[in-house]
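Engineer: with the sequence up front, the predicted model follows.
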Amino acid sequence: MDSRNDTRKQTVVLVPLMLSALVFSVVWSGRISEGSFQTDGERLTYALRWGPVRAGTATLESLGRAEVHGRQALHFLSAIQTDSFAAVIYSVKDTLEGFTDLAMSRTLLYRKNQEEGGELNHAEVVFDTEKNTATYCKTGHRCRTPIPIRSDTLDPVSCIFWFRSFSLGGVSETRIHVSDGRTAVWVAVRVVSREQITTPAGTFATLKVEATVERSRGILMRDQTTKLLVWFTDNQERLPVMAQGELVLGPFIAELIEISRPGARPTRTS
């Protein structure tokens, strides 16, 4: 394969990282709000673009309670799929799942089911709450050596819902530990401004949040600090309506296009 084909393939391979960028950017330090918005059964859908070209869609879902190794847990899911145009170059169909304790104070289990370019990659990451380690096990391979984590470490999917269940409490900047089982990174987060943002799902009053992902090799494919921007609605729901940043091959954007909740008709505009 020539270098031009390699570049096109790498561009589409990075499509799943757009959602990773979104979920790695949504962490905050605060207290649980008694009136916090309940997300169980909610499904958010995003259009993913690389520059001006739409490359695929992503979803975030809150699936309620589950059981992990005999413990009650909260179950969260994200999915990414390339559109037909991008799939011609490189097909992507990934599902990522996070399971936390009921307080959303730490991750118990993280799963990846990836279908990329005709290759399958199924992996499970167990977060040991006694030893404070994360062990990455890919189906058909030996488990990797456990890596050390903090007692409050979250996975890339669960941290977005953790943020939405907490009040800001006047805090303007903080850091949190996030791991996908292969590496663990610090994410520094701060509110930059308040802005009105329009996406295909509507117009929203938002908080513009800047996240700095430190030592991001293995997650965002860069061996350096990476900065990302995410816009959340400035209300109790704290909806992430847009994210943007720049990865290896250029700028990306994720825009909210649909909100679906139990007992209500989906909210969507084309």
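Structural biologist: Nice, thanks for sending it over.
Engineer: quick one, helices of the protein?
Structural biologist: 3-13, 15-24, 84-89, 158-164 (DSSP state H).
Engineer: show the average pLDDT along the first one.
Structural biologist: Translated: helix 3-13. Averaged across helix 3-13, pLDDT comes to 40.
Engineer: over to the shortest one?
Structural biologist: Model confidence over helix 84-89, given as mean pLDDT, is 62.
Engineer: burial of Leu44, as a residue count?
Structural biologist: 22 (other C-beta atoms under 10 Å). Glycine gets a C-beta too; all of them are placed from N, C-alpha and C.
Engineer: in the chain, what helix or strand scores lowest on average pLDDT?
Structural biologist: Least confident helix or strand of the chain, by mean pLDDT, DSSP states H and E, is strand 31-32 with a mean of 34.
Engineer: show me what contacts Cys143?
Structural biologist: If you count contacts by C-beta atoms under 8 Å, 6 or more residues apart in numbering, Cys143 has them with 135-137.
Engineer: quick check, nearest of those residues to Trp186?
Structural biologist: Tyr136 (19.0 Å; C-beta to C-beta).
Engineer: my guess is that closest one contacts Thr183. True?
Structural biologist: No: using C-beta atoms under 8 Å, Tyr136 is not in contact with Thr183, being 9.5 Å away.
Engineer: any shared contact partners between the two?
Structural biologist: Joint contacts of Tyr136 and Thr183 (C-beta under 8 Å, 6+ apart) are Ile147.
Engineer: neighbour count: the two, which is higher?
Structural biologist: Per other C-beta under 10 Å, whichever of Tyr136 and Thr183 has more neighbours is Tyr136, with 21 against 15.
Engineer: bridged to Tyr110, which residues?
Structural biologist: Going by DSSP bridges, Tyr110 is paired in beta bridges with Gly98, Val125.
Engineer: and the pLDDT for it?
Structural biologist: Model confidence at Tyr110 (pLDDT) stands at 96.
Engineer: please apply the same query to the one 4 residues further on.
Structural biologist: As predicted, Gln114 sits at a pLDDT of 82.
Engineer: over to Phe76?
Structural biologist: 94.
Engineer: any idea how far it is from Arg175?
Structural biologist: 21 Å (C-beta to C-beta, to the nearest Å).
Engineer: quick check: buried residues in stretch 133-147?
Structural biologist: With burial defined by 16 or more other C-beta atoms under 10 Å, the residues of stretch 133-147 counted as buried are 133-136, 138, 146.
Engineer: looking at the residues you listed, which are in strands?
Structural biologist: 133-136, 138 (DSSP state E).
Engineer: which members of the buried residues of stretch 133-147 are the farthest-apart pair?
Structural biologist: Maximum pairwise distance in those, criterion C-beta to C-beta, is 16.9 Å, between Thr133 and Lys138.
Engineer: ok, residues contacting stretch 199-206?
Structural biologist: Residues beyond stretch 199-206 that count as contacts (C-beta under 8 Å, 6+ apart) turn out to be 47, 194-198, 231-235, 239, 241-242, 255-259, 267-270.
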